[in-house]
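Engineer: Structure for this input, please:
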Amino acid sequence: MNENTSSSSKGWVVVVAGLAINLILGVLYAWSVIAKALGGPDWKWTKTEATLPFMVATACFAVTMVFAGRCQDKFGPRLVATAGGIMLGLAWSLPDWFIRPSPWR
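Structural biologist: Numbering: from 1, shown residues only. Below you'll find the model as predicted:
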């Protein structure tokens with residue numbers, strides 16, 4: 001009975017992790033909301049300027065999937081998903097480093 005309970009709880013961990021990964025992948029599509037704000041009166045970006053980051057992110061995402069799939073076969077999904085989350089977090093925080101001299105202010 002313990003083996004069955006342990007197996008069942010591991011299954012839910014996988015389900016929750018898969019759900020979390022898919023929610024995080026949705027951050028790419030949140031750019032449409034950000035792009036609308038960039039075209040507004042405060043930022044005044046053109047539509048091309050506002051969609052360029054989405055285009056670059058989508059291209060990087062597509063190219064990276066090939067290498068991530070190979071790494072997943074070699075190192076396992078946990079390590080690859082963790083590395084992907086760290087890279088996504090860095091990608092979203094790096095622009096702030098260029099806008100302000102110190103991110104800790």
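Engineer: so where's this protein shaky on pLDDT?
Structural biologist: Within the chain, the ranges that satisfy pLDDT under 70 run 1-7, 99-105.
Engineer: Just give me the residue closest to the centre of it.
Structural biologist: Central residue of the chain (CA atoms, centre = their mean): residue 88, 4.4 Å from the mean position.
Engineer: is it true that that residue touches residue 26?
Structural biologist: No. Residue 88 lies out of contact with residue 26 (CB atoms under 8 Å); the separation is 11.5 Å. For glycine as for every other residue, the C-beta is placed from the backbone atoms N, C-alpha and C.
Engineer: how deep is residue 50 tucked in, by neighbour count?
Structural biologist: Counted with other CB atoms under 10 Å, residues neighbouring residue 50 total 19.
Engineer: Run the chain-centre distance for the helix or strand hosting it.
Structural biologist: Here residue 50 is covered by helix 47-75, with elements defined by DSSP states H and E. Relative to its chain's centre, helix 47-75 lies at 10 Å (CA atoms, centre = their mean, to the nearest Å).
Engineer: right, and the helix or strand after it?
Structural biologist: Taking DSSP H and E as the definition, the helix or strand right after helix 47-75 is helix 77-99.
Engineer: That following helix packs against which elements?
Structural biologist: On a contact count with 3 or more CB pairs under 8 Å, 6 or more residues apart in numbering; DSSP states H and E, helix 77-99 meets helix 2-25, helix 47-75.
Engineer: Compute the inter-axis angle for the helix holding residue 50 and helix 77-99.
Structural biologist: For helix 47-75 against helix 77-99, the angle by axes from the mean of the first three to the mean of the last three CA atoms, to 10 degrees is 150 degrees.
Engineer: ok so, going back, need the winner for burial among the helices and strands packed on helix 77-99.
Structural biologist: Ranked by mean neighbour count, those are led by helix 47-75 with a mean of 12 (mean count of other CB atoms under 10 Å).
Engineer: now that helix against helix 2-25, angle please.
Structural biologist: Using the same axes, to 10 degrees: helix 47-75 against helix 2-25 is 160 degrees.
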